[in-house]
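> sequence and computational prediction follow.
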Amino acid sequence: MPKPSAPRLYTDLADWFHLLTSPKDYASEAKWIAAQLKIPGVKKPTLLELGSGGGNNALHLKKHFDMTLTDLSPQMLKLSKRINPELPHKPGDMRTLRLKGMFDCVLIHDAIMYMTSPRDLSRAIKTAALHLKPGGMLLIQPDFLEETFDPKLDRGGHKGEGRALEYVATEKRRGASTKVDVRFSIKLTEGGKTRLVADRHVVGLFPRQIWIDTIKAAGLSAKRLSDPYGRENFLCRKPKAA
């Protein structure tokens with residue numbers, strides 16, 4: 001998030017983001033997302049993505065949907081425009097964003113994890129609900145719930161255009177709070193020179209019932225479903241107009 005304490009991967013290190021998580025690796029997940037948000041009789045539904053980041057999902061989803069992308073970080077929007085130049089990009093915080101018009105579908109991928117209080121979670125889901133047409137669908141894809149959270153160590157990275165990024169990331173719950181610390185140790189290599197940097201992300205951790213109650217409070221139905229990666233998702237629908 002673009003604040004003084006914002007994660008560096010979304011600010012001064014944003015230009016490296018596609019070497020942390022490569023857009024090409026999102027093809028299979030995007031196919032699954034498109035299948036969940038398919039609307040009978042609508043050839044190319046409109047889709048608003050809240051917290052679209054570097055545009056990795058959109059690169060693959062835009063062939064299925066007429067997309068609008070939004071993110072709080074101007075650096076991430078700039079990065080997304082490189083691979084999705086034809087799509088509209090709107091700066092905004094998913095907790096307060098209000099656009100003109102409504103959409104057939106709304107997608108919130110892992111950016112929902114940056115909601116670290118029940119109030120912020122409620123505001124984000126309300127934003128999604130307000131932008132949905134009657135009968136429209138919202139797909140929320142948290143990395144984990146309180147019931148599914150398992151502290152872990154992760155490694156990865158990619159090479160490209162004369163540069164390389166390697167990282168080690170750890171996840172640890174902050175006591176009994178609704179927050180998880182995600183800490184990155186990152187090695188960046190460019191022009192034969194290597195530097196080490198650190199980055200910290202604070203993400204939310206809520207029990208399943210909080211998610212369901214918050215979705216229902218926004219006037220949406222809530223259906224739980226697992227994605228191909230074993231994560232628990234919420235497929236939500238706005239009631240059709242009477």
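Sure thing, it's come through.
> buried ones in the longest helix along the chain?
Ranked by number of residues, the top helix in the chain under DSSP state H is helix 118-130. Applying a neighbour-count criterion of 16 or more other C-beta atoms under 10 Å, one finds 120-129 buried in helix 118-130. To be clear about C-beta, it is placed using only N, CA and C from the backbone, and glycine gets the same treatment.
> and what of stretch 157-169?
For stretch 157-169, by 16+ other C-beta under 10 Å, it's 157-158, 164-167, 169.
> Phe234: which of those is nearest?
Ala169 (24.5 Å; C-beta to C-beta).
> and the helix or strand harbouring that closest one, which strands flank it?
Taking DSSP states H and E as the criterion, the element that holds Ala169 is strand 163-173. Strand 163-173 has the following sheet partners, assigned by DSSP bridges: strand 153-160 (antiparallel), strand 179-190 (antiparallel).
> now those in JSON lines, with mean pLDDT?
Listed next are the strands paired with strand 163-173 as JSON lines, based on pLDDT from 0 to 100:
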{"stretch": "strand 153-160", "mean pLDDT": "96"}
{"stretch": "strand 179-190", "mean pLDDT": "97"}
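> Leu139 is nearest to which of these?
strand 179-190 (21.9 Å).
> how about the CA coordinates for the strand holding Ala169, as PDB?
C-alpha atoms of strand 163-173 as PDB (Å, rounded to 0.1, in the frame of the first residue of the first chain):
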ATOM      1  CA  ARG A 163      17.900  -9.500 -14.000                       C
ATOM      2  CA  ALA A 164      17.100 -12.100 -11.400                       C
ATOM      3  CA  LEU A 165      15.100 -12.100  -8.200                       C
ATOM      4  CA  GLU A 166      15.300 -14.800  -5.500                       C
ATOM      5  CA  TYR A 167      13.300 -14.700  -2.300                       C
ATOM      6  CA  VAL A 168      12.600 -16.500   1.000                       C
ATOM      7  CA  ALA A 169       9.400 -15.600   2.800                       C
ATOM      8  CA  THR A 170       8.100 -16.500   6.200                       C
ATOM      9  CA  GLU A 171       4.600 -16.200   7.600                       C
ATOM     10  CA  LYS A 172       3.900 -15.900  11.300                       C
ATOM     11  CA  ARG A 173       0.800 -15.000  13.200                       C
END
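> confidence score at the most far-flung residue of the chain relative to its centre?
Most distant residue from the mean C-alpha position of the chain: Gly192, 33.0 Å away (C-alpha atoms, centre = their mean). Reported pLDDT at Gly192 in the predicted model: 92.
> okay then, goodbye and thanks.
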